[in-house]
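Colleague: Pasting the sequence and the predicted model now:
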Amino acid sequence: MKFALILGCCISFSLLTTACTTTSQTTAMQRDLYLEQFIGQSSQYIQANLDLTRLGYQQVQSASVTPNRITYTVIRPIAIPLSIPQSIAGSQPGAVPIQVNSNPERYDVHLQCIIVFTLENQIAKSVHYTGRTC
């Protein structure tokens, strides 16, 4: 009985660990360094060279450009695996069910981030971002 409980805990822990490792490996510091290299650059340069896929983002619409700012709306898709335990045929009552299907269900989430470059005379002076995935 203790073995089954320990096995169930280990499976749950491994599923949680998998969910965390499916997110982007880009750290906040790497993101900051990448975006800050565009400060001091022209609006045209930013639009031509900014590659948000390097940060694990997908751009959902064209950049919004005004004389004072460039705004990017991006998402980061994350797949969270769901544990759907199924009992093995012939298992005894009280046994811990374990995952037996090889293609577990998942919950797909698209976390949104808004990245804004503040411009002065068409030159980026600062960058900031809002959203859960930033």
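Modeller: Received, thanks.

Colleague: What is the neighbour count of Ala63?
Modeller: Applying other Cβ atoms under 10 Å, we find 17 residues neighbouring Ala63. In short, each C-beta sits where N, CA and C put it, glycine included.

Colleague: who touches it in this structure?
Modeller: Applying Cβ atoms under 8 Å, 6 or more residues apart in numbering, we find Ala63 in contact with 47, 70-72.

Colleague: How about Ile75?
Modeller: By Cβ under 8 Å, 6+ apart, the contact list for Ile75 reads 57-58, 60, 110-113, 133.

Colleague: Spatially nearest residue to it, not counting backbone neighbours?
Modeller: Once flanking residues are discounted, Ile75 sits nearest to His110: 4.3 Å by Cβ to Cβ, 6 or more residues apart in numbering.

Colleague: Correct me if wrong: the one you found contacts Pro77.
Modeller: Yes: taking contacts as Cβ atoms under 8 Å, His110 lies within contact range of Pro77: 5.3 Å.

Colleague: More neighbours: which of the two?
Modeller: Counted by other Cβ under 10 Å, His110 and Pro77 do not tie: Pro77 has more neighbours, with 15 against 12.

Colleague: so where's this structure shaky on pLDDT?
Modeller: Counting by pLDDT under 70, the chain shows low-confidence ranges at 1-25, 83-104.

Colleague: Would you give the sheet partners of the longest strand seen in it, along with the direction of each?
Modeller: Counting by DSSP state E, the longest strand found in the chain is strand 106-120. Taking DSSP bridges as the criterion, strand 106-120 sits next to strand 69-81 (antiparallel), strand 123-130 (antiparallel) in its sheet.
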